[in-house]
Every structure is written in structure tokens, then in C-alpha cells.
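K.L.:
just coords:
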């Protein structure tokens, strides 16, 4: 019962973030298909951010499902995560409108990085609170994806000033890594990390 | 319990989509009834899209009610459906502001078509997961409406470049087909399809 | 259980309507208290509409609480009510920005009237479905407020072209009639109606 | 059960307020990091308001959890609180865009003050309704933070016309006072108040 409201509030915020991002797709003045062309990079960045918010919603869903007790720290760690995710509409719009150029790509990576850190803090607090229940810790396991992602985000931030498109490609890669069912990808990541 | 959050998140996104669309009704600069006249096509497209989101909410409500187990595929198929529905405010505004002209009408039909495909995927995954429970499959039955709608959307897309108003009329027809209680309409559709 | 989602979706839409209306309070370019002055009528219309949405939420809450079975007609009657309420941000903004002048005041009254009609339809369908349970019908009773309100809205629409401020005053009066606890006001209304 | 919908609606409104505030972070026209500089005060005011909405959500969560019976007065006191919180996006944007200057800082403090008063009314009504259950009253205790905060807000409003930055500092101080776990801060506040 306690956690119902945590979920409801988080669902609300995530639902609004995902829907507000689409407002960056400004309605074109003309009525030809050509008028859609300048919107293409904005649309691409929207798709990428939609995927990320979807992934966060999915993972959050599983994490909170495994959480039995909620404390003050968990409530604030959750709000901290929502804070970084709430910046998605801004960074998505900036990156899309400026065609994945350097500074916007770096800032996008920065928000991805901070959200990953916030998720890690939330996950750690939940695991600590559920101490007697070792199932959650086991399910998270070595959490390779969770550890590799921030490293790739950091690489993306650095690269965005040298080869901007590569930064975008890295962000897409991480999204796909979370999206595609686990086994094979995880093995790939494990091999690349070893 | 598992599916509560799927419903809550979907409800949130659908509620926001439906409400954000009204922002395309820009407040007129003048205070006369005449100032409302240019808003009329935007209002019409708003009503049409409100109906469609209402129909999707209604069908989604019944579909998820019949769903007992949720898996990863269902979660993502649901997000995929929400993605296409999230483009409604954009295509509704474009079509309304350009008086149901060719390209916007075609794009509107394209989003309708993709949403219908996404709904079909979601429905198929849910039926597959509920294998032992044949009630859902029976309730969906031959799903004539679900199969006819994408065909009409496709026809609308094609027609929108020749007779734009006919495309709009087809989209209205499909909405009414879903809206009006089943028996007679279904018989009509069945006859037209045979 | 059935009606949970009806409530959740309605809550979502009402919450968004109430919050989106505040976007019509455009942030002034200057930083003096004087810069707030032109916003005053917009603020007044916001307060009035906030009250109305609050009243609808409150009444909807009680109505659905008394509802045991939900059917297709109820779902669509609910969406129909939400449709008219979704036009509140538009008519509120128009009326506020044009200082409660004739046409905007009439349109505001028109939306109030249609929302009242939609609420009446929803209520009737719910009472009909709960046939065996006479409690709800008894609680609604003679529903004097529900019957008087549309008459006053209609009067407001007519008056708005003659004495615009009186239309606004009538809308405020109806809001207060619903807001203030029942007994005395109801007696007043009953006397005025007899 | 009764209070579920109160929570759901409040969660919805708070979630939307928190997410709509980010729309004041207007996407810059240029793609350099320098283009972010003018956004810095807007970002600061966003962070402060995010904290406040988070604190209200947190406290509201605990307050409603302790509430067993809901009555009409509580429903309206809750809407009254949401009304003042709904003005956050407006006052946050005004304060941020004008670099925490006098009038916007005073208005921000005014909304903080009114929200605190509204919360106090809601809390009092809930305690009164739960008369037989003395736990809630005990938990709230002397409610020092709740009593000190409005005094500091009022001081902030006054100071904003003399030393604007000090007003902002006071608002930050109150937010931190609520954020940081209780014991030590409460002792500090108690000493300062004695």
C-alpha cells in the first residue's frame, strides 16, 4: 500500500514527460510533405528519448515491484531520479533542433549520466532496505548493464565535442542494449568488458 | 496487481494526449464570434482525435481487463502503441490548421494506420500469453473491425492526395464504426467486405 | 474494480485541465508589480474555472462512488463530459484575455451549459444501471441545483450580449451555489424557483 | 478506499505542476554551451520549486496516509492547497526570468506563504476529523517547522524589496530545513525561536 503512491506519482511524472516532449515537434507553417523535412532530427531525438523514458519506466516498474518497504530516503531518491528525467524534454528539444551538434549532444549525455547515477542510488537504497530479502539483490546480480551504461554516456559526452554523431550513436547503442532481451546482448557486453 | 501499473501509466499518457491536443486551439486575438471561424477546422480535427483517443482508451480498457499475465513483450508493445498515439496532437494540429489538405491528411492516416498495427500487435501478444484462457480469443472473435480499419486508413492515405475531403470522411467513418454499438454496423461492414 | 480505471482516467484528465489552464497566465516581460495588472482578469477567470473543475471533480467523485456497475454507455457518457470540460482552458483564456466581454462570456456559458447537460446524461445512465439500488436516486433526490444551473447558464449566455458583467456574475453565483454547504442555499434556490 | 481518489487526483496535479515548470526552460536558439548561460537563473528557480513540490508531495503523502475519514471540508481544503501550488509554474518562471529581482521574489514568497496556510488548514481539518485517533496529532506534535516556515516566508516577502537575494536565500533555507532529516535542524530552529 505504502508504495502505491510512489508508483502513481512516478507514473504521472513519466507519462507527462513522455507526452510533453512531443510539443517540441512544432507544427509546420506549410502543408507539404517537404515541410516535415526540417522536423526529422527533432523526431529522431524524440524517438530516442521516448525509448529512454520507456526503459526507465520499465526498469522502475520492476524495481518498485520488488520493493517491500519504502522509507524517506527512497522517496527522495525517487524524486531525485524524476528530477533528471524531467530535464529530458529540454535536452531532447535542444539536441533535435540543432541536429545532434556538439554542446547539445554533450548535455544530453550529461542528463543521461545523472539519471543513471540517480537510478543507481535509488536501487542501492531499495536493496539496503530489503536486506532480509535477498531475491532482489540476486535479480539485479552483477548489474553489468547498469555499470556499463554510465561509462558509455561519459564516453559520449567526451566524444560529442570531437565526433558528435558518434555520441548520438553511443546513446542509441545503450538504449538498444536495454531494449533487446537480455541473454545475447549481456554476453556481448560481458565479453567487451573483459 | 502486475497490470495495475500498465493501466495507470497508459491512462496517464492517454489523458495527457487528449488534453494537450486542445492547446492547438489557439486563443484568438479578437473578442468577436467571427474570430472563432478560422478555428473551426482545428476544432473539427480535435473532435475527431478526441473520439479516436476515447475509442483507444475504451478498447485498451477491455483488452487489459481480459489480460491476466503481463510479460516484457506486452509492456513494450503497449509503449509502442502509446508512441503512435503520442503523435496525435502533432498530426491533429497539422491537419486542422491546414484545413484537411493532402499531406496532413495522409500523415494523419499514417499515424492512424501505425496505431492500428501497434494495437493489433499488443492484442496478439496478450492473446498468446493468455493461451489457456480461450475467453479473450472468443471475445475478440473474427475481429472484423480491427481488420477492416487499417484497410480504410490505407485507402484514406492514398485518397488524400486525390480527394482530400474523402480521406477525412473515411477517418470519420471508421471512428463512427467503432463508436456505434456493434450489431448492425458489424453486419454492414461484413456485407461490404463480402 | 471495473470503475477504478474510469476514475483514474477522469482524474488524470481533470488534473491536467486544471493545471494547463494556468499556462494562460503568461509570464510578464517586466519585473514590476505593475506588470501583473493586465493579468488580473486572466487570473480571475482562472480562479472561476478552477472552482468549476473542482466542483465537477467533487461531484464526479461522489457519483462514481455510488456507481456499482459500469457499462459502455457510462464509459462514453463520461468521455462526453470530459470533452466539454477539456474546452475549459480555451474558453477560460479567451474570456480572461478579453476582460469578460460579450462573445467570450457567451462561449464560456455555452461550455458550462454543455458540461452540465453531459453531467446530467452521465448521472441518468448511472442511476438507470443501478436500478435495484435506490440509494443513489434518493441521494440525488430532486437535484434542484442540477436543474437550476443550466437555466442560469442559459440566462448568462443571453445576458452576455447585453450586460456582459452580469453573465460573469451569474457564473460566479452558480459556482458558489455548489461550493457552499447545501441546506440554506438550497432553500434559497427553492424559494427563488417557486 | 475513500481517500484513494483524493491521493490520485493530488498526485496527478502535483506531477503535472512539477513537469510543466520545466517548460519555462526555453530551448536556446544557439547550439553553444554559452547559450545556456542566460538560462541559469531559470534553472535555479526550477530546482528550488522542484524541491518545494517534492516536499509538499512528501508531506501530503504522510498526512493523507494518517487520514482515515475524508469529508467535504477536507476535499475542498485539499483543492485549496492545490490551487496555490498550481501557481508555482507562473511564479517560478517570473522569478527565474527576472533574476530573483524584487517583485517576482515577493510574489514567489506570497505563493509559498499561501500554500503553507492552505496546508495548515488541510492538516487541521484532518486532525479534527480523526479526533479519536490521537496518533496523528502526536506525530505532528508541536509542528515547529510548520509554524516557523510562514514566518520566514513573510520575512522573505518584506526583504525582497530591500535585499532581494536574501529573500531567495530564505526560501532556500526553508526548503533545506524540510529536506534534511529532522533532529539537528529542528533543534537549531527551536533554539533560534527561543
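P.N.:
Everything's here; your move. What you are looking at is a predicted structure, and each value in this text was computed from that prediction instead of being measured. Residues are numbered from 1 along each chain as shown, chains lettered A, B, ... in the order given.

K.L.:
Check which helix or strand whatever residue of chain A ends up closest to chain D maps to.
P.N.:
At 3.2 Å from chain D, residue A:12 is the closest residue in chain A, using Cβ to the nearest Cβ. Glycine gets a C-beta too; all of them are placed from N, C-alpha and C. Using DSSP states H and E, residue A:12 sits within helix A:2-20.

K.L.:
Show me what counts as buried in that helix.
P.N.:
For helix A:2-20, the neighbour count (16 or more other Cβ atoms under 10 Å in any protein chain shown) marks A:3-20 as buried.

K.L.:
Next, the angle helix C:4-20 makes with that helix.
P.N.:
Computed by axes from the mean of the first three to the mean of the last three Cα atoms, to 10 degrees, the angle separating helix A:2-20 from helix C:4-20 equals 60 degrees.

K.L.:
Tell me both backbone torsions, phi and psi, for residue A:32.
P.N.:
Backbone torsions of residue A:32, given as degrees, to the nearest 10, read phi -100, psi 160.

K.L.:
what residues are up against it?
P.N.:
residue B:103 (Cβ atoms under 8 Å, 6 or more residues apart in numbering or on different chains).

K.L.:
what's around the nearest residue to residue A:98 once chain neighbours are set aside, how many residues?
P.N.:
Sequence neighbours aside, residue D:31 is the residue nearest to residue A:98 in space, at 3.8 Å (criterion: Cβ to Cβ, 6 or more residues apart in numbering or on different chains). Neighbours of residue D:31 under the rule other Cβ atoms under 10 Å in any protein chain shown: 18.

K.L.:
ditto for residue A:176
P.N.:
Residue A:176: 11 neighbours (other Cβ under 10 Å).

K.L.:
Identify the residue nearest the residue of chain A closest to chain D in space, chain neighbours excluded?
P.N.:
Take residue A:12 and drop its neighbours on the chain: the residue closest to it by Cβ to Cβ, 6+ apart is residue D:15, 3.2 Å away.

K.L.:
my read: that neighbour touches residue A:13, true?
P.N.:
Yes. With contacts counted by Cβ atoms under 8 Å, residue D:15 reaches residue A:13, the gap being 4.6 Å.

K.L.:
what about the residue most central in space within chain A, helix or strand, and which?
P.N.:
Nearest to the mean C-alpha position of chain A, counting by Cα atoms, centre = their mean, stands residue A:52 at 4.0 Å. Assigned by DSSP H and E, residue A:52 belongs to helix A:40-65.

K.L.:
ok, the helix or strand following that helix near chain D or not?
P.N.:
Remark: after helix A:40-65, the chain's next helix or strand is helix A:72-86, criterion DSSP H and E. Yes. Counting by Cβ under 8 Å from any Cβ of the partner chain, chain D is contacted by helix A:72-86 at A:72, A:75-76, A:79, A:82-83, A:86.

K.L.:
What are the contacting residues of stretch A:53-71?
P.N.:
A:2-3, A:6-7, A:10-11, A:14, A:17-18, A:21, A:74, A:81, A:85, A:88, A:115, A:119, A:122-123, A:125-126, A:129-130, A:133, A:135-136, A:139, A:175, A:178-179, B:2, B:5, B:9, B:72, B:75-76, B:79.

K.L.:
Residue of chain A closest to chain B, please.
P.N.:
Counting by Cβ to the nearest Cβ, chain A gets nearest chain B through residue A:15, at 3.1 Å.

K.L.:
For residue B:73, see how far away that residue is.
P.N.:
21 Å (Cβ to Cβ, to the nearest Å).

K.L.:
Pull up the per-residue confidence for residue A:134.
P.N.:
Residue A:134 is assigned a predicted lDDT (pLDDT) of 60.

K.L.:
So what does residue A:69 look like in phi/psi?
P.N.:
phi -120, psi 140.

K.L.:
Which positions in chain A make contact with chain D?
P.N.:
A:2, A:5, A:8-9, A:12-13, A:15-17, A:20, A:23-24, A:72, A:75-76, A:79, A:82-83, A:86-87, A:89-90, A:93-94, A:97-98, A:101-104, A:106-107.

K.L.:
For the residue nearest to residue A:79 when sequence neighbours are not counted, grab the count of nearby residues.
P.N.:
Nearest non-adjacent residue to residue A:79, counting by Cβ to Cβ, 6+ apart: residue D:54, 4.5 Å away. Applying other Cβ under 10 Å, we find 23 residues neighbouring residue D:54.

K.L.:
likewise the one 3 residues further on?
P.N.:
Residue neighbour count, defined by other Cβ under 10 Å, stands at 21 for residue D:57.

K.L.:
same question, the one 10 residues further on
P.N.:
Neighbour count of residue D:67, defined by other Cβ under 10 Å: 22.

K.L.:
So it versus chain A, what's the distance?
P.N.:
Relative to chain A, residue D:67 is positioned 13 Å away (Cβ to the nearest Cβ, to the nearest Å).

K.L.:
Can you give me the distance of that residue to residue B:16?
P.N.:
When residue D:67 is compared with residue B:16 (using Cβ to Cβ), they lie 28 Å apart.

K.L.:
go on, residue A:34?
P.N.:
30 Å.

K.L.:
before we move on, what about residue A:150?
P.N.:
30 Å.

K.L.:
Okay, buried residues for the helix ranked longest in chain A please.
P.N.:
Assignment by DSSP state H gives helix A:102-129 as the longest helix of chain A. Going by neighbour count (16+ other Cβ under 10 Å), the buried part of helix A:102-129 is A:102-116, A:118-123, A:125-127, A:129.
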